[in-house]
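Peer 1: one predicted model, sequence on top.
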Amino acid sequence: MIYRLAVNEDLNQMMAMVDQAKASFKARGIDQWQKGEPNREGLAAGAAKGQIRVLEEDGRVIGMITLLEGRDPSYAKIDGAWLNDRPYVGFHRVCVAEDLKGRGIAARLFSESEAYSRSLGYEDIRIDTHPDNRSMQRALEKSGYRSCGLIRLSGGSEDGELRIAYQKTLQARS
């Protein structure tokens, strides 16, 4: 598998994964991603800004993740407590090809993105997920993320919606 920056030519494959995820969420009664985002315009903008990374296998994009540096307004208020108040990278829009779920691709996206974030000088990662998205909660916990409390999204089509917030402090390099 190759972990790399997303490019414009990946948009069709990325949107296919997003559409599969939206359908899966809807079928499971999860209202995450049901109000218009992520969408092609947002993914194109994120790719153009160098914020989206993908995992590619045999020429196919099989997973994607958005990495945002800087303070995330959604994380300013938490019902709970962050592990610390150091600078962090926010991980968002994690998505894996539906037919490849259960193969550890989300864990690989996390580990590659953590290594990349560490190369930028960050030691902390924050991420959130829908309270009903049990599969992402399990993936986060398996990858060493700790639940820190509840946040409300700030901005976008899901503005004000409740999410479970997670944080991970990266191990110091040996």
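Peer 2: Thanks, I have it.
Peer 1: would you map the strands across this structure?
Peer 2: In the chain, the strands defined using DSSP state E lie at 2-5, 52-57, 60-69, 79-80, 89-96, 124-129, 146-152, 162-169.
Peer 1: okay, those strands in JSON lines with distance to Glu37 next?
Peer 2: In short, each C-beta sits where N, CA and C put it, glycine included. JSON lines is the format used below for the strands of the chain (distance: least, CB to CB, whole Å):
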{"stretch": "strand 2-5", "distance to Glu37": "21"}
{"stretch": "strand 52-57", "distance to Glu37": "14"}
{"stretch": "strand 60-69", "distance to Glu37": "11"}
{"stretch": "strand 79-80", "distance to Glu37": "23"}
{"stretch": "strand 89-96", "distance to Glu37": "9"}
{"stretch": "strand 124-129", "distance to Glu37": "14"}
{"stretch": "strand 146-152", "distance to Glu37": "16"}
{"stretch": "strand 162-169", "distance to Glu37": "14"}
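Peer 1: for Met14, find the nearest of those.
Peer 2: strand 60-69 (5.4 Å; CB to CB).
Peer 1: between strand 52-57 and that closest one, find me the angle.
Peer 2: Strand 60-69 runs at 160 degrees relative to strand 52-57, counting by axes from the mean of the first three to the mean of the last three CA atoms, to 10 degrees.
Peer 1: Provide the strand pairings for strand 60-69, with the direction of each partner.
Peer 2: strand 52-57 (antiparallel), strand 89-96 (antiparallel) (DSSP bridges).
Peer 1: closest to Pro38 out of the ones you listed?
Peer 2: strand 89-96 (5.2 Å).
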